[in-house]
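Novice: What follows is a predicted protein model with its sequence.
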Amino acid sequence: MIGVDTNVILRHLLQDDARQSPIASRFLADRSPDDPAYLSTAVVLELVWTLRRRYGFPQAEVSRIVLSLSRSNDILLQDSVAVRRAVWDAEEANVDIADALIAHSAIDAGCDGVVTFDRRAQRLPGMLPVG
């Protein structure tokens, strides 16, 4: 198993670089259930942020991409169960996937909740107003 940085996943998904995109795609095509690519939660969060903010992808498309990665036999996400729950909750509450993943990670770690100033994020179970 080998870890993968966000830029490799982006080059593969976007096919936006004549030199790097084919290399990234070949690398990922060579992965298997016995030798998967590992994506940390930090990579997933950075991927979501970059697709939404830098490239303007709609949330539904980002959700589809993240769910697809989480279901791949050739890719291992650090916490695929929490990632999938976060995507579903984000869609249901109409909030950012990153906020939902923050909530799920904290609750899974035994926290009573997550305090935030973000009113929109407070739509999620476990997200609480600070103060």
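Specialist: Thanks, I have it.
Novice: What are the boundaries of the helices in the chain?
Specialist: 6-14, 20-29, 41-49, 59-71, 80-93, 97-108 (DSSP state H).
Novice: Packing partners of the fourth one?
Specialist: Secondary-structure packing of helix 59-71 (3 or more CB pairs under 8 Å, 6 or more residues apart in numbering; DSSP states H and E): helix 41-49, strand 75-77, helix 80-93, helix 97-108. Yep, even glycine has a C-beta here, placed from its N, CA and C like the rest.
Novice: Please point out which parts of it sit buried.
Specialist: Buried residues in helix 59-71, counting neighbours by 16 or more other CB atoms under 10 Å, are found at Gln59, Val62, Ser63, Ile65, Val66, Leu67, Leu69, Ser70.
Novice: and which of those residues is nearest Ile23?
Specialist: Leu69 (18.7 Å; CB to CB).
Novice: To Leu128, which of the helices of the chain lies closest?
Specialist: It is, among the helices of the chain and with distance given as CB to CB, helix 97-108, at 9.7 Å.
Novice: From the contact counts, what lies against the closest one?
Specialist: Checking 3+ CB pairs under 8 Å, 6+ apart, helix 97-108 ends up next to helix 41-49, helix 59-71, helix 80-93, strand 114-116.
Novice: try 10 Å
Specialist: Judged by 3 or more CB pairs under 10 Å, 6 or more residues apart in numbering; DSSP states H and E, the packing partners of helix 97-108 are helix 41-49, helix 59-71, helix 80-93, strand 114-116, strand 127-129.
Novice: That concludes my questions; thank you for your assistance.
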